[in-house]
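> structure for this input, please:
(2 chains)
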Amino acid sequence: DGGITQSPKYLFRKEGQNVTLSCEQNLNHDAMYWYRQDPGQGLRLIYYSQIVNDFQKGDIAEGYSVSREKKESFPLTVTSAQKNPTAFYLCASSGQGNSPLHFGNGTRLTVT
Amino acid sequence: KQEVTQIPAALSVPEGENLVLNCSFTDSAIYNLQWFRQDPGKGLTSLLLIQSSQREQTSGRLNASLDKSSGRSTLYIAASQPGDSATYLCAVSTQGGSEKLVFGKGTKLTVNP
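So this is what the prediction gives:
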C-alpha cells in the first residue's frame, strides 16, 4: 500500500540534544512537507521541498533543518536552537497540480 | 495575510443527525480548499478538495461547498455515525501548490450513539 511512514511514533530527548525525525513516502510524490501541530493551533509549515536536493523555509523554520537527498525521504532535524521543540510533527507529500495533501501518522516529540 | 477560521471549535450531536461544519477565510483569492479529518494522535486524512472554479464536491455522505465571494465553505455530513467522531480541518491554498496551505484550527466533532 502506498503511503507515508513517520518514525518513531514517540520520541523523548533531553534539552540541548539534536534529534532527527524520519519521513519516507512510496507515493512517487515530488513535493514533501513538514508541519508542526500544537494544541489549540492550526498546522504550521516548517520546511518544504518540491524536488530532490532543493528545499525552502516555511513559516517557522528557525531551529530546524532538513535534507532531501532522495525523492522518497525528507528527514527533519530539530536542533538545540529550537526554543520550544515539544510538539506533534507531521510529514506530508503531494503530487503535481491540484492534488490533495497526504499525511503520515506523526511523531510526538517530548523534550525535557 | 490569509486567515482561516472554523466555528464552532467543538460540536456534539446524536447519531443519525445531519450536520454542517463551517470554514471561513479572509482572502477570496484562493487556488483550492481542502477538508481533512484527524483522529486523536494521528495524521490528517484528505476528505475533499474543491478547486476555486468549483462550487461543491461530494464523497459518500460528505458534501463540501465553496463560496469564494463570501469567503466560506461548509462540510455537510449526512446521517452522522459514531465513527465520524474526529477533528475536521479545512485549509485554503492561496497559490498553486500545497506549500501555500493555510489551516484552520479545526472543529472537534463527537457523534453520540
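> now the strands for chain A?
Using DSSP state E, the strands found in chain A span residues A:4-7, A:10-13, A:19-25, A:31-37, A:44-51, A:54-57, A:64-66, A:76-78, A:87-94, A:102-103, A:107-111.
> to chain B, which of those lies closest?
strand A:102-103 (3.6 Å; Cβ to the nearest Cβ). The C-beta positions use only the backbone N, C-alpha and C, and glycine is treated the same way.
> quick one: residues in contact with the closest one.
Strand A:102-103 has contacts (Cβ atoms under 8 Å, 6 or more residues apart in numbering or on different chains) with A:3-4, A:25, A:27, A:29, A:90-94, B:36, B:43-46.
> just the buried ones from those?
Buried members of the contacts of strand A:102-103, counted by 16 or more other Cβ atoms under 10 Å in any protein chain shown: A:4, A:25, A:29, A:90-94, B:36, B:43-44, B:46.
> for these, which one is nearest B:Ile77?
Nearest to B:Ile77 among those is B:Phe36, at 13.8 Å by Cβ to Cβ.
> wasn't the closest one part of a strand?
Yes: when DSSP: H, G, I helix; E, B strand; the rest coil is applied, B:Phe36 is found to be in a strand.
> which residues are in contact with it?
By Cβ under 8 Å, 6+ apart, the residues touching B:Phe36 are A:101, A:103, B:44-47, B:88-91.
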